[in-house]
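*Asks:* sequence first, predicted model second:
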Amino acid sequence: MREKGALIHLDDICEEFNILLVDTSALIRPLDDGIRGAKLIDRIKSKKTEGDSSIFFNKYLEKGSFFLTKEVFEEYCGEETPPIREVLSKYDHLKISKKEREYFKNVCSVRKEKIKLLNSFKKKKKIICLDNSEEEKYNEMFKRNLYLKERTYKEKKKIGDVDYNLLIIGAVLSMTRTKTAVLSNDFPLLYSYQALLINEHLNPANYGFFLRIKKDLFSRGKSFSDL
């Protein structure tokens, strides 16, 4: 297994788990992207990173069994971005800096790459659909663990509806189909996953969780110290 310290290469995760459910946060960018500022130059770098991430996963789809839930698909799709000319036409041409134009172009470029990635998921039938028996298990587990949605974690945040849905679907698939893992950078989701393992007596060897630290390097989310 190719590991750098505590980091695990995505190839090895693909070999260990047969279904990889990707969350929106992991699709957008790795945690260690080095971008923290709110200046225009940082926003340009952020958009470029987001576009590069879409390209990366699109190329990687052939290597592993990556899937999206319907809710993650819709969330990642997001709002339509207007054409660059439409955006720029609302401003005085002389007041638009070169960096601003670069930012708007990056926004449009990212949108194109996201659409390509979403189309690849659809074409390869990588949107998860539960059968009737799985839906029944999902509904039971969903109701049984609803208290997780009310918990506030370190960042003073609660797990969102899309992430909670992803969490329960992953657990069901690990029970009814095969070894499943979630790829996400959402910490309330991680903490909820850790709690769910205990509540439902799930084996992390069958239901895993990985944080995307670098482009293709991940950290196993197995620590219970933050609960």
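*Replies:* Looks like it arrived, so ask away.

*Asks:* just the helices in the chain please.
*Replies:* Secondary structure of the chain (DSSP state H): helices located at 10-16, 24-28, 40-60, 70-77, 84-88, 98-123, 132-144, 161-176, 187-199.

*Asks:* just put those in TSV and tack on distance to Lys215 and mean pLDDT.
*Replies:* Glycine gets a C-beta too; all of them are placed from N, C-alpha and C. Shown next, in TSV, are these (distance: least, C-beta to C-beta, whole Å; pLDDT from 0 to 100):
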stretch	distance to Lys215	mean pLDDT
helix 10-16	9	94
helix 24-28	11	94
helix 40-60	6	78
helix 70-77	18	93
helix 84-88	27	48
helix 98-123	15	75
helix 132-144	32	97
helix 161-176	22	97
helix 187-199	20	95
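
*Asks:* and the ones you listed: which comes nearest Arg220?
*Replies:* Ranking these by distance to Arg220, with C-beta to C-beta as the measure, places helix 10-16 first at 8.9 Å.

*Asks:* of all the helices of the chain, which one comes closest to Arg212?
*Replies:* Checked against C-beta to C-beta, the stretch from the helices of the chain lying closest is helix 24-28, at 4.4 Å.

*Asks:* okay, the helices of the chain in CSV with mean neighbour count and distance to Asn206 next?
*Replies:* Formatted as CSV, the helices of the chain follow (neighbours: other C-beta atoms under 10 Å; distance: least, C-beta to C-beta, whole Å):
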stretch, mean neighbour count, distance to Asn206
helix 10-16, 16, 11
helix 24-28, 22, 20
helix 40-60, 17, 23
helix 70-77, 18, 21
helix 84-88, 13, 47
helix 98-123, 16, 24
helix 132-144, 13, 15
helix 161-176, 22, 5
helix 187-199, 20, 10
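
*Asks:* got those helices as a markdown table, with distance to Arg220 columns?
*Replies:* Formatted as a markdown table, the helices of the chain follow (distance: least, C-beta to C-beta, whole Å):
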| stretch | distance to Arg220 |
| --- | --- |
| helix 10-16 | 9 |
| helix 24-28 | 14 |
| helix 40-60 | 19 |
| helix 70-77 | 21 |
| helix 84-88 | 41 |
| helix 98-123 | 25 |
| helix 132-144 | 23 |
| helix 161-176 | 15 |
| helix 187-199 | 11 |
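
*Asks:* which one of these lies closest to Phe210?
*Replies:* Phe210 lies closest to helix 10-16 among those, at 6.0 Å (C-beta to C-beta).
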